[in-house]
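Participant: turn this into a structure:
(one chain, ligands or ions: 2)
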Amino acid sequence: MIYPVKVFCPNGKLKKIISSKVITNRTWRSLKCTTASFKEPTLKEIKLKEIEDKKDKIKCIFCPKYFKARYLTSKVCKSARCKQKHYRKFGAVPKEAKICPTCSAHFYATPSRKFCNNPCKFRSKSKRKK
Ligand SMILES: [Zn+2]
Ligand SMILES: [Zn+2]
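Facilitator: Ligands and ions are numbered 1, 2, ... in the order given. Prediction:
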């Protein structure tokens with residue numbers, strides 16, 4: 001006795017039912033061949049493919065070129081000119097007014113910098129006033 005075979009889509013929907021009559025009409029050998037060669041992509045595979053496709057045609061924000069990017073969030077193509085423009089626009093960390101904890105000098109620096117560097121440097125405890 002051969003039972004009907006249900007074929008499902010990757011999203012879980014029932015695609016078709018192969019009736020037992022159809023199955024018995026096929027030889028087991030040919031059925032095995034078709035099921036082995038026909039593989040539906042999984043949802044994950046479809047998603048990955050979509051991302052790869054999108055990454056292939058990201059438009060550079062500085063030139064009219066479409067480029068293949070490593071990340072979906074990439075915005076500029078690989079040309080040196082566009083990279084430099086991007087760095088000037090987004091790469092520079094805004095500086096802020098600071099007071100050196102060692103010598104109390106006022107200076108402008110990126111948020112990660114704590115010392116004036118003139119002459120106090122990070123961890124240069126020897127130069128601290130007593
Ligand atoms: Zn570009
Ligand atoms: Zn200082």
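
Participant: quick one, what contacts residue 71?
Facilitator: residue 55 (CB atoms under 8 Å, 6 or more residues apart in numbering). Quick note: C-beta positions are derived from backbone N, CA and C, even for glycine.

Participant: how close does residue 88 get to residue 82?
Facilitator: 11 Å (CB to CB, to the nearest Å).

Participant: the two: which has the busier surroundings?
Facilitator: It is residue 82, of residue 88 and residue 82, that has more neighbours when counted by other CB atoms under 10 Å, with 18 against 9.

Participant: low-confidence stretches in the protein?
Facilitator: The chain contains residues with pLDDT under 70 at 1-2, 22-38, 92-93, 122-130.

Participant: domain ranges for it?
Facilitator: Annotated domains of the chain cover 1-40, 43-91, 96-129 [automatic domain parsing].

Participant: distance to ligand 1 added to these, as TSV?
Facilitator: Output for those, formatted as TSV (distance: least, CB to the ion, whole Å):
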stretch	distance to ligand 1
domain 1-40	36
domain 43-91	3
domain 96-129	27
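
Participant: for ligand 2, find the nearest of the ones you listed.
Facilitator: domain 96-129 (3.1 Å; CB to the ion).

Participant: hey, where'd the strands end up in this protein?
Facilitator: 5-8, 14-18, 58-59, 66-67, 96-99, 106-109 (DSSP state E).

Participant: quick check: closest non-adjacent residue to residue 100.
Facilitator: Excluding the flanking residues, the one nearest residue 100 by CB to CB, 6 or more residues apart in numbering is residue 116, at 3.8 Å.

Participant: contact residues of the chain facing ligand 2?
Facilitator: 100, 102-103, 105, 116, 120 (CB under 5 Å from the ion).

Participant: go with 6 Å
Facilitator: 100, 102-103, 105, 115-116, 120 (CB under 6 Å from the ion).

Participant: no further questions, thank you.
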